[in-house]
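Peer 1: I'd like to go over a predicted model; first the sequence, then the structure.
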Amino acid sequence: MCALNRKFGFLTGTLQNYARKYNLAIDHLSFKYIVYPVIRDQKEVHRQMGELKFGEELEMDKDLKVPEDGVLVHGMYMDACRWDMEAMTMVDSLKGEMQGELPMLHMQPEMDFEPDPANYMAPLYKTALRAGTLSTTGHSTNYVVAVYLPSTRPQDYWIAKGAACLCQLSE
């Protein structure tokens, strides 16, 4: 299960830390998404975390380029689409594939961020159910944030397919 599902406040905290570090107005910050060509086996991550001692680093993290700002997130999934690691873009799901893994994301705070219009604005939901109660923001309480992902297809194509990102599967 991705960390986003457990601690949504850390997204705001990430923006707050960045705003304080660079003396910026937080209401002008949002996330730019950089997809790392890394998919983590979540069972292996969980196993290694259970064996980790204070001050130690996961073996799989030792070769990872850690960004100066923002956060790295892994353990998310793609629904009604999948990620092509060679082309580094989202593509149609394989026949019979329900949800594929989304590679690690670097969520980089950026001032007055304007996403590439060619990117798909994928909604990120806590669960595959996608339903929730309507909050005061007008979004479902199951909705987390829009994740802008590279795509060679137009927005309407992915919207018609119901393409989205998920923090956890229903299994």
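Peer 2: Everything's here; your move.

Peer 1: For the rest of this, base every contact and every neighbour count on C-alpha atoms.
Peer 2: Noted.

Peer 1: quick one: contacts of the helix or strand where Leu124 lies?
Peer 2: Assigning secondary structure by DSSP states H and E places Leu124 in strand 120-125. Strand 120-125 is contacted by residues 142-151, 154-155, 158, 163-167 when judged by Cα atoms under 8 Å, 6 or more residues apart in numbering.

Peer 1: Please repeat the previous calculation with a cut-off of 7 Å.
Peer 2: By Cα atoms under 7 Å, 6 or more residues apart in numbering, the residues outside strand 120-125 that reach it are 142-151, 155, 163-167.

Peer 1: Show me what secondary structure element comes after that strand.
Peer 2: Tracing the chain C-terminally past strand 120-125 and defining elements by DSSP H and E, one meets strand 143-149 next.

Peer 1: So which bits of the helix or strand just after that following strand are buried?
Peer 2: Using DSSP H and E, the next helix or strand after strand 143-149 towards the C-terminus is helix 155-161. Within helix 155-161, the residues that count as buried by 16 or more other Cα atoms under 10 Å are 155, 158.
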